[in-house]
Every structure is written in structure tokens, then in C-alpha cells.
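**Student:** here are the coordinates; sequence isn't available:
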């Protein structure tokens, strides 16, 4: 458990663990230009930060939301999957799923901004140590980020064990730096009381409301913490949080508050100036390594969410590489990695500083956290059957905090908060267009395929004239009760059929993983002697479908599958979308869907079919 907790430090907590680099600077601005550095403001804001972390991360996420896992997998997509399998009315379910998809799109904004702001804020520490290195900040940031995205292909297991000890040192250092300042100025301990935060809101409501746009930066990474649940599990993450991360963050923020009250000019960089001048360069290097890990946590979360979205048919199929033989949740998506790197690079050079990026950051974080709260309450009520009193109490505690964060960040729309919203709109249009197009294509395909049972009955009546050739054939079916178009072509055009035919339908369930014992359902289609059968294979949305391997494993469990999958020929039906003038979808959506469909990963690769023994047959389907 201790080893897993150290590994979790290297993947899960980098984002929230490096927030002290920029959170308070975003509140007060350079040397207090945004907000006066006085006792009321400092005590109130430090109290807001500490209690925001306590309520949102310690209680809401670690205490409650992380218990809402889908067979070990977390993240907002896991909540969406749980709601899909609930007993809610269809229209309500559709509304909450739509809300969840909006949260997913906001998380991608978080995934793009976090690496940019984290690494920039660390490298900017060089200006404090050596002011003449100012011109090197952006080039160094780019080189560091390029290196980070390059090592993603080695997987989170490698990265976790590489960075876990570094993060352990990081939290020890920030705890010591903060603790030293608290020792010198113990009056800051008053900020531990929630009464300071309440008094701050009562005494200076407008100032406190405006400060919430930056206070939210202290809880960035909460959704990434939840999304990375499948990489390590809840117990190691919870232990690492309460034993290491939470105490270190509390000491660091309070230490920065003490430093600011004693030396207001330290606002130039309140984190780096926590430490003696002799060790500041070493702290900058350590901070840079820590921000790489901050970036890693959201990148891993983006991989997990995208994989879930693909499996649930919210996005086109794309290449997924499993980077660990032991841990199913450790994956790498090359396309997502490339797109994120491009977005992060654009942000670094477009905004140019962590202070400007901070304005854009809070909107993505606060929106995602608010949606997590709503979906969790739905799951607690509809699946866990919690009482109305329980739901009402949780809503009264958590919802006002989320609304406060969201509404305060709306004031930053003109200063950069528009970016994550614009990115969310683009991604949502991609998801929504894919879902709409797939629904139409699926219906068209069903009409073309026709009834499977009727087709098999017709084959039986054709037996004298239908040539049965030696061999074994596997036809990949899109629908369990429909005839694969490749089988239509084989029988109707070639007038032949293999002696042993298995129709395979893959069903992706709402569960994260499906046990091997529940993997398959066999159907002989009413006949036992014609060599034709149907098999449904069930996979979870975090499983990797491998049809040949699954069939080989089922040979002993299902005696009816009396054939060798390694010797079989595989037939798969592909679709070529043909746009029409029908008004079932907007013209621009048809063009977008066609583009996405053309670039989708081939089912042959997706199902791990042997290339040398697979026949792909393409059919024209009207859109």
C-alpha cells in the first residue's frame, strides 16, 4: 500500500500539489496591485484556501465522490456510465448524460491549461533567482513540455515510479518552507479557523467574491484525482492525500500568508521567496520537475476519459496502447497526446505568462467540479437509494460552494476564461455530431442487414445449391439480431459459405470491466447441424476488445465453439458514408461526421484481428 501511495504521488497529485506556485499570486497580483496585502485580506484568503481544499477535496471528493466508482474506474465519465445504468426515467437520464458530456469537455480545457500554467509558473521562478534569464522562460517551457509529452508512450507505471519519489521530496520541501514561515509568524494560525473566511465575506463581500476566482486555483486537480482512480484505486490515493499532500499544502499556503504579512514585497513570487536565497535555484529545479508531474496527472486523466468515451461510442475509435501488463487502467492514446501537446504549446506562446493563464484556468475547473457534484447526487439517490435528507444535506453543503466558484469566474470571461469554454464547445460539437451521425448510420445499416434469423433460415433452405467450402469463418456483426453485410455478400454474390461459421457481436457495457466468466453468450440460432452459430462478447468500457484472444480462451469454456480461432478467416463489414440531401442532419454536421468516420481506427485494428486472415468488405451507407 505504501508503494502504491508513492506511485500515486507521481501520477495523481501533481496538479493540486503545484497550485501553491501560482494560486496566491493570482489573488493579490504583482506586489499587491490587485488586492491590498493587509491582515484582514491575508487571513481571510488563506482561510478560504484551506477550507476550500478541506471541503472540496478532502470531504467531497476523497470522502464521497471517489466512492462512486464504476468497477474501479473513476472520473466524470464513470458517473455518466452509472447514470446510464440507473433506473431513472429516459428523459431525465438523457439530460444528466448530456450534462456529464459537458463536464467531460470542460475537463479537456483543464487538461490543456494545467501543463501550460504549471510549467510556466515554475520556470518563471528563474526570474527571481537570475533576472537576466527572463528571455529564456518560454523556450525552456516549450522544451520541458515537449519532453513530457514524448515520454507518455512509456506509460503511467514508468512515470509514476520515476516521479513518485520526486513528489514525496516536493511535498516535504513545501511543508518545511511553509512551516518555517509559520514558526516565525505564528499569528497566521488564526486562518485555520473557518470563522476567518466567514468574517472576510461579511466584512468585504465584493473583495471576497472576486478573490474566489483565484481561490479555485488551489483545488485544481480534484477532477484529475478522481479520473485517475483506475490507475491506483481509492485506498492508496486517500492515504497519500491525508498523510502527505493535505498537510503539506496547508503548511505551504499558511506559510505564504505569513511571509506576505511580514514582507509584502514577497508578492513578486511568494512561493520561491519562502526559501533562503541559497537554495532558491534548487527549489526552482524541483518545482519544474513537480510541474511536469502536475501535467502528467491531467494527461493521464484525459487518456482515461477519452478511452471511456470511445468505448461508450461518444467518440470515434482510436488507437489505445496498454502500457502495463498488470494494470488495466494504464493506457496511452497517441492521438490525444498529440492534440494536447499542440493545444498546450499554443497556450504557452499565446498567453505568455502564468498570471494571464490563471484568468482562463478557473472557469474550466469550477465548471467541472460543479457538474461532478450534481451527477454524484443523482447517483447517490438513484443507485445507492440514499434518503432525500442525505441528498438535501449534501446539496446544501457542496452546491453553494460550486456556484460561488462558477459565478465568480464568469467575471474573467474577457480576460481568458473564454478559452476553456470555447474549447468545450468545439469538443461538445464533435461528440454530439458523432452521436447523431452514428445513430443515423446504425439505423440505415440495420435496414440493409435485415433479420439474422430469417437469413439463417434462408441459408438452410438453400443448402443443396449453396456450396459449403472447407474452413472456418468468423463474421463480425454490428447488431446481435441482424445479418452482417459481409455475410450477405458471401452468400448472395459468391454463393458459398464455410463449413463452420461464427457470427460475433461485440457489446460494450456500462461497466468498466467484465469478468471472463461473464464474457460470452452463445446462440445456435435454432439449428445444431448446419455449422452456423452466433456469439455475443461483452466487454467493459475500459477493457480492450481482442476477439481472437477471447475466442481462444472460450474454446474450453464453450464446447459449442469447436473450431480453432487461429486458423479461421475473419470477415468484417466497413461503412463508406455517402452524404445525401435528406434533412436528418445539418450539412456541416454531415461533412464533419464523414471526416471523423474516414479517420476512425479500422475495426480490424480495434478488435485485434489478424491482418493476413481478415477480409474487409465496404458498403455504401446513406447519411
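**Tutor:** Structure received. The structure displayed is predicted, hence computed values, not measured ones.

**Student:** low-confidence ranges in the stretch 1-150 of the chain?
**Tutor:** Along the stretch 1-150 of the chain, segments meeting pLDDT under 70 span 1, 4, 7, 29-34, 133.

**Student:** helices of that one, start to end?
**Tutor:** Counting by DSSP state H, counting those that start in this stretch, the stretch 1-150 of the chain has these helices, from start to end: 2-11, 14-17, 23-28, 39-52, 76-84, 90-123, 125-129, 137-150.

**Student:** and stretch 411-422, end to end?
**Tutor:** End-to-end distance of stretch 411-422 (C-alpha to C-alpha, to the nearest Å): 16 Å.

**Student:** compare the helices of the stretch 1-150 of the chain and give me the one nearest residue 621.
**Tutor:** Closest to residue 621 of those is helix 90-123 (C-beta to C-beta; 25.2 Å). (Each C-beta comes from the backbone N, C-alpha and C, glycine too.)

**Student:** how many other residues sit next to residue 200?
**Tutor:** Per other C-beta atoms under 10 Å, the neighbour tally for residue 200 reads 23.

**Student:** so where does residue 562 fall, helix or strand?
**Tutor:** Per DSSP states H and E: residue 562 is located in neither a helix nor a strand.

**Student:** ok, it to residue 533 distance?
**Tutor:** Distance, residue 562 to residue 533, by C-beta to C-beta, to the nearest Å: 10 Å.

**Student:** and residue 500, what element?
**Tutor:** Here residue 500 sits within strand 496-508, counting by DSSP H and E.

**Student:** related to what we said a few turns ago, tell me which of residue 562 and residue 533 has more neighbours.
**Tutor:** For residue 562 versus residue 533, neighbours defined as other C-beta under 10 Å are more numerous around residue 533 (22 against 11).

**Student:** okay but the more buried one is in contact with residue 502, surely?
**Tutor:** Yes. Counting by C-beta atoms under 8 Å, residue 533 does reach residue 502; the two are 5.6 Å apart.

**Student:** which neighbours do those two share?
**Tutor:** residue 561 (C-beta atoms under 8 Å, 6 or more residues apart in numbering).

**Student:** quick revisit: out of the helices of the stretch 1-150 of the chain, deepest packed?
**Tutor:** helix 14-17 (a mean of 28; mean count of other C-beta atoms under 10 Å).

**Student:** what sits up against it?
**Tutor:** Helix 14-17 is contacted by residues 9, 57, 114, 118, 163, 167, 170-171, 218-222, 224-225, 245, 248-249, 290-298 when judged by C-beta under 8 Å, 6+ apart.

**Student:** could I have the ChimeraX command that selects the buried members from those residues?
**Tutor:** Burial among the contacts of helix 14-17 is assessed by 16 or more other C-beta atoms under 10 Å; the matching ChimeraX selection reads:
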select :9,57,114,118,163,167,170,171,218,219,220,221,222,224,225,245,248,249,290,291,292,293,294,295,296,297,298
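
**Student:** what mean pLDDT does stretch 205-220 have?
**Tutor:** Computed over stretch 205-220, the mean pLDDT rounds to 86.

**Student:** before we move on, what about stretch 589-601?
**Tutor:** 86.

**Student:** okay, buried residues for the helix or strand hosting residue 251 please.
**Tutor:** Counting by DSSP H and E, the element that carries residue 251 is helix 246-262. By 16+ other C-beta under 10 Å, the buried positions in helix 246-262 come out as 246, 248-261.

**Student:** farthest pair in those?
**Tutor:** Using C-beta to C-beta, the two most remote members of these are 246 and 261, lying 23.3 Å apart.

**Student:** among the helices of the stretch 1-150 of the chain, which comes closest to residue 471?
**Tutor:** Comparing the helices of the stretch 1-150 of the chain by C-beta to C-beta, helix 76-84 comes nearest, at 39.5 Å.

**Student:** and that closest one, what does it pack onto?
**Tutor:** Contact analysis of helix 76-84 by 3 or more C-beta pairs under 8 Å, 6 or more residues apart in numbering; DSSP states H and E lists helix 90-123, helix 222-227, helix 280-311, helix 354-382 as its packing neighbours.

**Student:** residue 85: how many residues sit nearby?
**Tutor:** Residue 85 has 14 neighbouring residues, counting by other C-beta under 10 Å.

**Student:** got phi/psi on it?
**Tutor:** phi -90, psi 10 (degrees, to the nearest 10).

**Student:** pLDDT weak spots in the stretch 301-450 of the chain?
**Tutor:** Applying pLDDT under 70 to the stretch 301-450 of the chain flags the ranges 322-330.

**Student:** which stretches in it count as strands?
**Tutor:** 321-322, 331-332 (DSSP state E, counting those that start in this stretch).

**Student:** need the winner for burial among those strands.
**Tutor:** Ranked by mean neighbour count under mean count of other C-beta under 10 Å, these are led by strand 331-332, which reaches a mean of 22.

**Student:** list the strands paired with that one, with their directions.
**Tutor:** strand 321-322 (antiparallel) (DSSP bridges).

**Student:** out of the helices and strands packed on helix 76-84, nearest to residue 619?
**Tutor:** Comparison of the helices and strands packed on helix 76-84 against residue 619 by C-beta to C-beta identifies helix 280-311 as nearest, at 22.7 Å.

**Student:** now do that closest one against helix 354-382, angle only.
**Tutor:** Relative orientation of helix 280-311 and helix 354-382, computed by axes from the mean of the first three to the mean of the last three C-alpha atoms, to 10 degrees: 40 degrees.

**Student:** and helix 280-311, which residues are buried?
**Tutor:** 280-281, 283-284, 286-311.

**Student:** now the angle between helix 2-11 and that helix, please.
**Tutor:** Angle of helix 280-311 versus helix 2-11, following the same axes, to 10 degrees, is 90 degrees.

**Student:** domains of the chain?
**Tutor:** For the chain, the domain assignment from automatic domain parsing gives the residue ranges 2-416, 446-622.

**Student:** how about CSV for those domains, with distance to residue 440 added?
**Tutor:** Putting the domains of the chain into CSV (distance: least, C-beta to C-beta, whole Å) gives the following:
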stretch, distance to residue 440
domain 2-416, 13
domain 446-622, 6
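
**Student:** just those domains: most buried one?
**Tutor:** Ranked by mean neighbour count, the domains of the chain are led by domain 2-416 with a mean of 20 (mean count of other C-beta under 10 Å).

**Student:** what about residue 472, which SS state?
**Tutor:** Judged by DSSP: H, G, I helix; E, B strand; the rest coil, the three-state class of residue 472 is strand.

**Student:** name all residues that make contact with it.
**Tutor:** Counting by C-beta under 8 Å, 6+ apart, the residues that residue 472 touches are 498, 499, 500, 501, 502, 563, 564, 567, 568, 569.

**Student:** alright, I will stop here.
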